[in-house]
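J.: A predicted structure for the sequence below; I have some questions about it.
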Amino acid sequence: MTVITRFAPSPTGYLHIGGARTALFNWLFARHHKGKFLLRIEDTDRERSTEDAVRAILEGLRWLELDWDGEPVFQFARASRHAEIARGLLAQGKAYHCYCSPAELTEMRERARAEGRSPRYDGRWRDRDPKDAPPDIKPVIRFKAPQSGETVVEDLVQGRVAVANAELDDMVLLRADGTPTYMLSVVVDDHDMNITHAIRGDDHLTNAFRQTQLFLACDWQPPRYAHIPLIHGADGAKLSKRHGAVALDAYATLGLLPEAMRNYLLRLGWSHGDDEIIPTQQAIQWFGLEAVGRSPARFDMEKLLSLNAHYIKEADPKILLPPVTARIETTLGRPLDTTERARLDAALPGLRPRAQTMIEIADGALFLFRTRPLTLDAQAAKLVSAEARRLLGLVGQALAALPAWDNASLEACVRTSAEGAGVKLGAIAQPLRAALTGSTVSPGIFDVMAALGREEVLARIGDLTNS
RNA sequence: GUCCCCAUCGUCUAGAGGCCCAGGACGGCGGCCUCUCACGCCGCAAACGGGGGUUCGAAUCCCCCUGGGGACGCCA
């Protein structure tokens, strides 16, 4: 049997990390089993579903590089199919019309809560004669759920979970306006799409009982369920739109690598011994539901960043350069020319180990493109004493006469100058750093010189020594 | 309130009765390296929520408590 999973977000908000992890787990599970990973947009809530949200979700998945099979299914487009199932259930006596008004239902819940009972629908139309129907109210169709016995879900993550059917009330299948509810749509779609494994957030666990009963009523086989624990915010509460659930594209903007994000998300709730660095290909080989934990996890930006730093160090320059260049050009407000691109290229190896994000690479590279004379920051300015200028003059001369301009030659040259002047390397390297970068923090000074090129180096030194 | 789920360092986790006076990672602290800052390397502090059982033996199994979370919509 081919494994078929699905990611089924509702387009009522942006894709956040919780949803992203759910998508990732479904994707990994499908890829591991060489099955299919489908995408279904649950847009049956016409009030709140938006085009923008759909776009954001698709973009988020693309950024994460989680490719889905086939075309996305838009749930609302299948509404008539869902309604047909509801009417079929009605015809079979497995569902019934309910004429309660919203106000009546609210009152029912409030009273139940006040009396310490669970706020459920009390089934008052379940066995009532249709002749009692008030003429002015359009009914909803409710599912006639079993009232005794228990419903069991053999969850692939949570294990066996059972609930007394007395706890389940008769949920609405079709709204008064004839549109299907989520509960109906998921069941029909999961069946029609041949979903074999439904991997979703823990918050759906109670829905699984209701959905199981609906599957049974339709004589269908429910999918295997796997309810993964939620990701909580730093305060331990569920992530929501207004609660630290930063949209996925915010992380892209921060300069994170999708590979790092996948690795981080994977380790939230899933483990493979002590392994921490797990590239995606490895994850596909190893992933399984048995190793998913059952307790909720908190989101930790620091760890994500450290993983990102790791992947930045290993990344192919080809994938780093475009976003870094774009960021630099935005900051500068102009495009980089060929010489500047070459400088960036040369400086990249020195920049990488110092950055946790691509933004930090870009910011760290800015000194390469500053116009002369450089403005020195306060710390750097302090380094350029009269004595330092004298030393800079000496290195400047030595550098001007240097035949080669590679890292090793530069180092030899500067070291020789330092020895000649009877000072330690630092006494020259630091003023040099100030002169060349305007700062006291930068990649290795020989890397800086190599990236900048002879002309620019001599000019920047000259700016401080010729005055 | 009712039902369901969860519970190991600050955080993510390893641990499926003896290998654990609990291991790894991030973060923290200290050191080494060193032209600055990083990287890297070395080291340190840091946890089995509490109480009862079961067992020769429990972080691991059972019960209770406590604490967290989730669900109770004509939202998904």
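T.: Happy to help now that I have it.

J.: quick one: residue A:312 from RNA strand B, how far?
T.: Using Cβ to the nearest atom of the strand, to the nearest Å, we find residue A:312 at a distance of 10 Å from RNA strand B. All C-beta spots, glycine's among them, are computed from the backbone N, C-alpha and C.

J.: Buried residues in the host helix or strand of that residue, which are they?
T.: Here residue A:312, judged by DSSP states H and E, is contained in helix A:301-314. By 16 or more other Cβ atoms under 10 Å, the buried positions in helix A:301-314 come out as A:304, A:305, A:307, A:308, A:309, A:310, A:311, A:312.

J.: I'd say the last one and residue A:351 touch.
T.: Put plainly, it is residue A:312. No - Residue A:312 is beyond contact range of residue A:351, at 9.3 Å (criterion: Cβ atoms under 8 Å).

J.: Mutual contacts of those two, please.
T.: Residues touching both residue A:312 and residue A:351 (Cβ atoms under 8 Å, 6 or more residues apart in numbering): residue A:361.

J.: Backbone dihedrals for the nearest residue to residue A:14 once chain neighbours are set aside, please?
T.: Using Cβ to Cβ, 6 or more residues apart in numbering and skipping the chain neighbours, the partner closest in space to residue A:14 is residue A:247 (3.7 Å). For residue A:247, the backbone dihedrals (degrees, to the nearest 10) come out as phi -60, psi 150.

J.: what's the neighbour count on residue A:247?
T.: Using other Cβ atoms under 10 Å, residue A:247 is surrounded by 20 other residues.

J.: Okay, and the beta partners of it?
T.: residue A:16 (DSSP bridges).

J.: Need the CA coordinates for the least confident helix or strand in chain A by mean pLDDT. PDB is fine.
T.: In chain A, no helix or strand scores lower on mean pLDDT, DSSP states H and E than helix A:102-114, which sits at a mean of 83. Extracted C-alpha coordinates of helix A:102-114, given in PDB (Å, rounded to 0.1, in the frame of the first residue of the first chain):
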ATOM      1  CA  PRO A 102     -27.500  30.300  17.600                       C
ATOM      2  CA  ALA A 103     -28.800  32.100  20.700                       C
ATOM      3  CA  GLU A 104     -30.400  28.900  21.900                       C
ATOM      4  CA  LEU A 105     -27.100  27.100  21.600                       C
ATOM      5  CA  THR A 106     -25.200  29.700  23.400                       C
ATOM      6  CA  GLU A 107     -27.700  29.600  26.200                       C
ATOM      7  CA  MET A 108     -27.400  25.800  26.300                       C
ATOM      8  CA  ARG A 109     -23.700  26.000  26.700                       C
ATOM      9  CA  GLU A 110     -23.700  28.700  29.300                       C
ATOM     10  CA  ARG A 111     -26.200  26.800  31.400                       C
ATOM     11  CA  ALA A 112     -24.200  23.600  31.100                       C
ATOM     12  CA  ARG A 113     -21.000  25.400  32.100                       C
ATOM     13  CA  ALA A 114     -22.700  27.000  35.000                       C
END
